[in-house]
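Novice: my questions concern the predicted model and sequence given below.
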Amino acid sequence: MSNENPGKTRRGLAGVIEAMLFGADEPISAKQFVEILALLESEARGKRVGAQAIEAVLEELNREYEESGRAFRIVRVAGGYQFATRPEYGVWLGAMMKERSRRKLSVSALESLAVIAYKQPVTKPELEAIRGVNADYVIRSLLERNLVAIVGRAATPGRPLLYGTTKEFLKHFGLNDLSDLPKPREIDELLEEAEFEVEKKLIREEDAANRDEGEANGEESSG
């Protein structure tokens, strides 16, 4: 692998800028590009790369992306630059983010969400009594995702907040309304069916293992 400084040429500078944009967590301003490059490039180049040169390279990269039909561009945001996908790909990215959000619900969040969905309106103490664990974090997480909302206060001492599910909850799980939730009896039947399938699989595997062992013993006897 070559140790040559990639920033020595125009093409190399474009590669350096691309790499910096790719690795950045937030927009990078032209001034920041200049300062970062100066840390390593001043001695090799003999002069600093100015902001105008940086902006010219950014424009050149965007022209290349346009000509090659790439799905992304370098855009200016909050006084800096960052990669962004083109608007026409938004629908696919939205679907990806929605699926990612669905997958990221933890077991604890799903359990709490189920309790709220079936018992609503429900207070945090009631939720904690059912699950047997503190619910502060999980309720905050569900509120941030807009899957649950505060729907009032209970008429009990201290008047604790009441929680219920939202329209976003229905959209998230593909439900038209709460009546579409599986009935507890249906859930029990599904669980029993799943357990039965597991038992059948174990029995089949055990039978197969016994057959293999019998065939192996038969071969040894005949030998």
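Specialist: Now that the structure is in, tell me what you want to look at.
Novice: just the buried positions in the helix or strand where Val57 lies, please.
Specialist: Using DSSP states H and E, Val57 sits in helix 51-68. If you call a residue buried by 16 or more other Cβ atoms under 10 Å, then helix 51-68 has these buried ones: Ala53, Ile54, Val57, Leu58, Leu61, Tyr65. In this view, the C-beta of every residue, glycine as well, is placed from N, C-alpha and C.
Novice: burial measure for Val122, as a count.
Specialist: Neighbour count of Val122, defined by other Cβ atoms under 10 Å: 23.
Novice: cool, and the one 5 residues further on?
Specialist: Residue crowding around Leu127 was assessed by other Cβ under 10 Å; the count is 20.
Novice: mind listing what it touches?
Specialist: Ser112, Val115, Ile116, Lys119, Ala135, Ile139, Tyr163 (Cβ atoms under 8 Å, 6 or more residues apart in numbering).
Novice: distance of the third one from Trp92?
Specialist: Look at Ile116 and Trp92: by Cβ to Cβ, to the nearest Å, they are 32 Å apart.
Novice: who has more neighbours, the two?
Specialist: For Ile116 versus Trp92, neighbours defined as other Cβ under 10 Å are more numerous around Ile116 (25 against 11).
Novice: so what does Pro157 look like in phi/psi?
Specialist: The phi/psi pair for Pro157 (degrees, to the nearest 10) reads phi -50, psi 130.
Novice: where does the chain dip in pLDDT?
Specialist: Applying pLDDT under 70 to the chain flags residues 1-10, 40-47, 99-104, 184-223.
Novice: among the contacts of Leu127, which pair sits farthest apart?
Specialist: Lys119 and Ile139 (13.6 Å; Cβ to Cβ).
Novice: more crowded one of these two?
Specialist: Neighbours per residue (other Cβ under 10 Å) separate Lys119 from Ile139, with Ile139 holding more: 21 against 14.
Novice: my read is that the more buried one contacts Ser112, right?
Specialist: Yes - counting by Cβ atoms under 8 Å, Ile139 touches Ser112, with 7.0 Å between them.
Novice: got the domain boundaries for the protein?
Specialist: Here the domain parsing of the chain from automatic domain parsing is 6-89, 105-180.
Novice: can I get these in TSV including distance to Met96?
Specialist: Putting the domains of the chain into TSV (distance: least, Cβ to Cβ, whole Å) gives the following:
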stretch	distance to Met96
domain 6-89	10
domain 105-180	15
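Novice: Lys98 is nearest to which of these?
Specialist: domain 105-180 (8.2 Å).
Novice: tell me the secondary structure of Leu105, please.
Specialist: Secondary structure assignment for Leu105 (DSSP: H, G, I helix; E, B strand; the rest coil): coil.
Novice: against Ser112, how distant is it?
Specialist: When Leu105 is compared with Ser112 (using Cβ to Cβ), they lie 10 Å apart.
Novice: name the SS class of Leu162, please.
Specialist: strand.
Novice: isn't it up against Pro121?
Specialist: Yes - Leu162 is within contact range of Pro121, at 3.8 Å (criterion: Cβ under 8 Å).
Novice: list the residues that contact both of these two?
Specialist: Common neighbours of Leu162 and Pro121 (Cβ under 8 Å, 6+ apart) are Val151, Gly152, Ala154.
Novice: nearest to Lys183, of the residues you listed?
Specialist: Using Cβ to Cβ, these come closest to Lys183 at Val151, 22.7 Å.
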